[in-house]
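Participant: Requesting a structural model of the entry that follows:
(one chain, ligands or ions: 1)
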Amino acid sequence: MATATTTWESTHADTALRAFAARLGGELIRPGDAEYDAARAVWNGAYDRRPALVVRAADTIDVIRAVTFARERGLAVAVRSGGHSMAGHGTIDGGLVIDLSTMKGLSVDPERRVARVQPGLTWGEYAGQAQAYGLATSSGDMGSVGVGGLALGGGIGWLVRKHGLTIDSLLSVDVVTADGRLLTASADENPELFWALRGGGGNFGVATSFELQLQPVGPVLGGAVFYPAAGAKDLLQAYGCLALEARDELTTMAIVMQAPPLPFIPAEQHGRLVVAILVCYAGDLEDGQRAVAPLRALGAPIADVIGPMPYPALFALTAEGAVKGQHHAVRSMYLQHLDEAVLDTLLDHSQRMTSPLGMVQLRVLGGAMARVPADATAFAHRDKPYMLTLVNGWQDAAHSERHHAWVEQLWTALRPHASGVYVNFLADEGEARIREAYSPDTYQRLAAAKKAYDPTNFFRLNQNIKPLA
Ligand SMILES: Cc1cc2nc3c(=O)[nH]c(=O)nc-3n(C[C@H](O)[C@H](O)[C@H](O)COP(=O)(O)OP(=O)(O)OC[C@H]3O[C@@H](n4cnc5c(N)ncnc54)[C@H](O)[C@@H]3O)c2cc1C
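Facilitator: Okay, here's the model as predicted:
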């Protein structure tokens, strides 16, 4: 009897699955399919998970079907656009992945300077296409990151001081909610959902389309200047002050890392600890030269590759980090001050990096991002001047412990100085850390929105906000 029931159930399930697959405009990929391994892979190779089903959605209807199918069968769901979740949230063991990476549509209305974009486009692709109109939207500093994940968490990149966070350019979002409805969220329609989506991540549904404000962005003054690590403490202190006081047009980041073997870096420096200062001046190029000059004179550079370039060319600076499948460990924090103790600790620890992919990134924020009221969106930490991110990357899983330890030890030493965290730079760190990404008021309001739009916490493989009790 048990066997007969099982057979009937599995046949029924198989028929339902075939019917589901037949209705999809996109693809259904299952274990055993030729594409399965590629379809389950994400940026962070530390997450080697085996989903039961991957739905590569072709359009919004596919997304509605996938959400409905998963809900009716009690399957847990992972949602993925560009696959760059540091916490591996874009893949899942045994559940259903809604993969939006082939939903890459973009249309630009140059008159209104408004773009409508699907979540699977990368920010590098977006920048390249928008630049054809001389336009850009503030996004991140890495071209391979997906529109979907970044645009729901914040968006801190090359234009953040000039044009604010990505969420500050969001005009509307189309979202498929857990009950399979398609809602538009904007200042006029479902405004509370719109507030929550701008910082609350994937908690409220699957975003299938974003409407974004574009800005005219001509050639920028961009690139990097590299200094030897000797004297790095004074250099970073001076950098921190200059970068914070700079005009909004100038957004920068300092990276402590081993010098990469790039042709413009002298061969004898390759592998040595250096400080790279990356710059983007979005404005008049002569003003830019004047604004950037002090950052090029902080010491005797070993390489200086700053010059005028189209805005999308900036993404080449960080392209190395885009390699998919390597293991990564990440910890991030905002800092209120750039204390001597912080610099001593991070520079001392950097001497013992375990991998050429290790780095400490110091982003200097402020500018337009800081002028938006903290409660205007669900992104609470607009007042934080600095963001410090510790990253390690490696290939061989056998050495994971050592590479993780490098990040964890530095994180533990710096933790007392931390003042909140950017939700999109969180790894899988637990509920207390998710709360650190928000103020108590913001978290409470997000929990209320979660109750209104996803009361069963169907979308929970994310930096999860629990529905208000
Ligand atoms: C190498 C690297 C560089 C980065 N650089 C920057 C940077 O410069 N600036 C910055 O701000 N951030 C940066 N990030 C962080 C980045 O913003 C987040 O990791 C973001 O979530 C990635 O988006 P994704 O679509 O590529 O990732 P995914 O893994 O596809 O998505 C991450 C999560 O977002 C949610 N999500 C994604 N798409 C949707 C959708 N359409 N609807 C609903 N929920 C969705 C899901 O919960 C998903 O698990 C970087 C990350 C990496 C790994």
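Participant: how about the helices in the stretch 351-469 of the chain?
Facilitator: Counting by DSSP state H, counting those that start in this stretch, the stretch 351-469 of the chain has helices at residues 368-371, 400-414, 431-436, 440-453.
Participant: Could you report the pLDDT at residue 325?
Facilitator: Residue 325 is assigned a predicted lDDT (pLDDT) of 82.
Participant: Surely it and residue 45 touch.
Facilitator: Yes. In this structure, residue 325 sits in contact with residue 45. The criterion is Cβ atoms under 8 Å, and the distance is 4.2 Å. For every residue, glycine as well, the C-beta is placed using N, CA and C.
Participant: what sits against the residue in the stretch 201-350 of the chain that the ligand sits nearest to?
Facilitator: Nearest residue of the stretch 201-350 of the chain to the ligand: residue 202, at 2.7 Å (Cβ to the nearest ligand atom). Contacts were defined as Cβ atoms under 8 Å, 6 or more residues apart in numbering; by that measure residue 202 touches 79, 89, 148-149, 152, 459, 462.
Participant: now residue 141
Facilitator: Contacts of residue 141 were listed using Cβ under 8 Å, 6+ apart, and they are 156-158, 253, 278, 314-315, 317-318.
Participant: try residue 452
Facilitator: The neighbours of residue 452, taking Cβ under 8 Å, 6+ apart as the test, are 192-193.
Participant: what do you get for residue 166?
Facilitator: Residues near residue 166 by Cβ under 8 Å, 6+ apart: 137-140, 150-151, 154-155, 157, 212.
Participant: measure the closest residue to residue 402 other than its chain neighbours to residue 408 for me?
Facilitator: Leaving aside its chain neighbours, residue 402 sits nearest to residue 354 (5.4 Å; criterion: Cβ to Cβ, 6 or more residues apart in numbering). In this structure, residue 354 lies at 12 Å from residue 408, with Cβ to Cβ, to the nearest Å as the measure.
Participant: circling back: to the ligand, which of the helices of the stretch 351-469 of the chain lies closest?
Facilitator: In terms of Cβ to the nearest ligand atom, the element of the helices of the stretch 351-469 of the chain nearest to the ligand is helix 368-371, at 10.9 Å.
Participant: what's the closest one in contact with?
Facilitator: Outside helix 368-371, the residues within contact range by Cβ under 8 Å, 6+ apart are 156, 160-165, 168, 248, 382-383.
Participant: Buried members of those residues into PyMOL, please.
Facilitator: To isolate the buried members of those in PyMOL, using 16 or more other Cβ atoms under 10 Å:
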select buried, resi 156+160+161+162+163+164+165+168+248+382
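Participant: Sort out which of the contacts of helix 368-371 are in helices and list them.
Facilitator: 160-163 (DSSP state H).
Participant: and residue 64, how many residues sit next to it?
Facilitator: In terms of burial, residue 64 registers 18 neighbours under the definition other Cβ atoms under 10 Å.
Participant: which non-adjacent residue is nearest residue 415?
Facilitator: Take residue 415 and drop its neighbours on the chain: the residue closest to it by Cβ to Cβ, 6+ apart is residue 333, 7.6 Å away.
Participant: Roughly how far does the one you found sit from residue 312?
Facilitator: The span separating residue 333 from residue 312 equals 30 Å under the rule Cβ to Cβ.
Participant: hang on, the residue nearest to residue 402 packs against residue 401?
Facilitator: No. With contact defined as Cβ under 8 Å, residue 354 does not count as touching residue 401 (10.2 Å).
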